[in-house]
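Asker: give me coordinates for this.
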Amino acid sequence: MLSQRALGEGYLRPQKSDVNGTVRRLVKSAGVRFLVLPVSGLAVILTTRIITTNYSVENYAIFTLVASLPFLLPLSDLGIGAAVTNAAAKLPQDAIAFALILRKCRRVLWSVASLGSVAAVVVQLGLGWTAVLNLPDSSAIGWSVAVAIAIYCLSIPASLGARLLLGFRRNSEAVAIQGMTSVVTLVLICVLSGIGASYTVVLPAALVGIVITNWVCLVRGSGDPRVREAKRIVSVASGNTRGTRVSVWATALPMLTISLALPFTFQADRIILSWNAELSDVAVYSACALVFLPALSVVQLGGRSLWGDFAANRGSQQLPMLFRRSLVASSCIAGLGAAGLVAIGPIISSIATNGTVQVSRAVFLSFAALLIAQGLHMPAGMYLTDVTGLRFQAVSAILMAAVSFPLGILLAGEIGVTGPIVSTCFSCVVFQVVPCIVFANLRMRESHGE
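Answerer: As a prediction, the model looks like this:
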């Protein structure tokens with residue numbers, strides 16, 4: 001048990017969330033992401049200019065390819081971060097379980113990081129990274145890519161930092177820190193190019209920004225008084241915790257399944273278009289996605305703040321009201337983003353492509369509908385983050401991907417660039433939005449005996 005003094009300090013007081021506080025955190029997280037976007041966007045533009053000027057366009061292409069590697073398979077924490085977020089949200093109750101879960105997750109992720117670093121070297125010694133990525137044959141570039149991946153692996157254990165902040169209802173802080181990744185990368189590139197570093201030294205900097213911001217999140221999350229108090233309780237009760245087992249894989253496996261399934265729904269559109277349409281359609285899609293993806297990040301990162309509130313309030317009387325208010329707030333944020341997407345999206349995409357790519361209003365309307373669908377889904381998605389909820393979402397994600405991908409191929413051939421977007425939106429509404437909202441409401445009713 002925590003001391004009365006600790007509970008009286010307020011920061012360690014059990015954080016049962018009030019409705020207005022939950023909505024404020026959602027809006028604050030979305031607002032922070034919105035404010036960070038221009039800064040991070042400018043940093044990306046300046047980084048592009050420095051590398052293309054000092055190291056050539058071809059080397060910039062390699063740089064962006066390496067920078068995109070972590071996003072091809074978003075599995076950095078193997079899904080076990082969900083257990084950390086849920087446990088953190090319940091503090092100071094179940095402090096021993098939290099400390100044991102955190103310890104176990106760190107041990108697993110350090111093992112993954114070590115294996116990943118070794119694998120990066122083994123691939124280079126075998127096939128070579130230039131062969132794997134279909135790059136011009138160069139041993140120096142190959143080893144530079146291997147070093148970049150090995151450095152990135154250091155961010156894997158630190159990925160728990162954002163999970164801790166999410167559980168502590170400090171998501172806006174995590175959004176702000178992680179939003180500075182491109183700024184950190186820009187600073188490193190400026191320093192390295194300023195001292196005349198070779199390109200093989202500059203290339204690993206593509207992934208160093210992620211490492212640094214993840215570790216900053218971990219330091220901030222680990223420094224929370226609730227973490228220190230939980231560790232103190234475990235050290236005091238060390239004799240009583242021997243043989244105590246905690247489960248992280250019950251939530252990790254469905255979370256991992258979701259992480260694997262979602263890219264087939266949301267990241268495959270360009271590939272579908274390249275197979276079944278013209279390259280000009282890929283260019284149109286990309287010009288519109290240039291505006292859509294930042295708007296989507298505002299909706300998703302804002303909605304992510306709800307996880308900790310729902311985890312701490314499962315079974316409470318105020319949960320249905322929390323859910324309804326969150327649904328309204330998330331939908332409003334998405335609606336504003338959709339309106340902005342349709343109103344000024346064509347202008348931004350035209351400026352970005354120097355008027356060389358013309359995007360029809362229908363493409364922006366399709367993306368706007370998808371944005372609203374995501375806004376509607378976020379509250380239910382963040383409520384369904386316990387074992388039962390994540391298993392339901394895993395099935396939902398698999399069905400969504402199984403329908404979206406082939407339907408996108410069919411529609412791309414029939415109606416062109418809007419085809420995959422319509423397919424994604426349709427599958428998202430039918431297999432994700434509606435089922436998750438219905439299931440979330442049914443579970444809330446059952447928990448209150450209605």
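
Asker: so where's the stretch 101-250 of the chain uncertain?
Answerer: 237-244 (pLDDT under 70).

Asker: what ranges does it have for its helices?
Answerer: 129-132, 139-153, 155-158, 160-167, 171-178, 181-194, 199-202, 205-222, 225-236, 238-241, 249-266 (DSSP state H, counting those that start in this stretch).

Asker: next: the stretch 251-400 of the chain.
Answerer: 269-276, 279-304, 306-313, 319-352, 361-383, 387-415.

Asker: now the second one: buried residues?
Answerer: When burial is assessed from 16 or more other Cβ atoms under 10 Å, helix 279-304 yields the following buried residues: 281-292, 294-304. The way it works is simple: take the backbone N, C-alpha and C, and place the C-beta from them, glycine included.

Asker: test my guess that residue 81 contacts residue 161.
Answerer: No - using Cβ atoms under 8 Å, residue 81 makes no contact with residue 161, being 9.6 Å away.

Asker: hang on, the earlier thing: got the helices of the stretch 251-400 of the chain as JSON lines, with distance to residue 129 columns?
Answerer: Output for the helices of the stretch 251-400 of the chain, formatted as JSON lines (distance: least, Cβ to Cβ, whole Å):
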{"stretch": "helix 269-276", "distance to residue 129": "22"}
{"stretch": "helix 279-304", "distance to residue 129": "26"}
{"stretch": "helix 306-313", "distance to residue 129": "36"}
{"stretch": "helix 319-352", "distance to residue 129": "31"}
{"stretch": "helix 361-383", "distance to residue 129": "34"}
{"stretch": "helix 387-415", "distance to residue 129": "28"}
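
Asker: what's the closest of those to residue 131?
Answerer: helix 269-276 (21.3 Å; Cβ to Cβ).

Asker: so residue 160 touches residue 104, yeah?
Answerer: No - the pair residue 160 / residue 104 is not scored as a contact, 11.0 Å apart, by Cβ under 8 Å.

Asker: neighbour count: those two, which is higher?
Answerer: More neighbours surround residue 160 than the other of residue 160 and residue 104, with 25 against 18 (other Cβ atoms under 10 Å).

Asker: which residues touch the more buried one?
Answerer: 77, 81, 84, 102, 105, 106, 109, 218, 221 (Cβ atoms under 8 Å, 6 or more residues apart in numbering).

Asker: again, only this time at 6 Å
Answerer: 81, 84, 105 (Cβ atoms under 6 Å, 6 or more residues apart in numbering).

Asker: the last one contacts residue 80, doesn't it?
Answerer: Yes - contact criterion Cβ atoms under 6 Å: residue 105 and residue 80 qualify, at 5.0 Å.

Asker: just give the number of residues close to the nearest residue to residue 327 once chain neighbours are set aside.
Answerer: Excluding the flanking residues, the one nearest residue 327 by Cβ to Cβ, 6 or more residues apart in numbering is residue 379, at 4.7 Å. Neighbourhood size, residue 379 [other Cβ under 10 Å]: 27.
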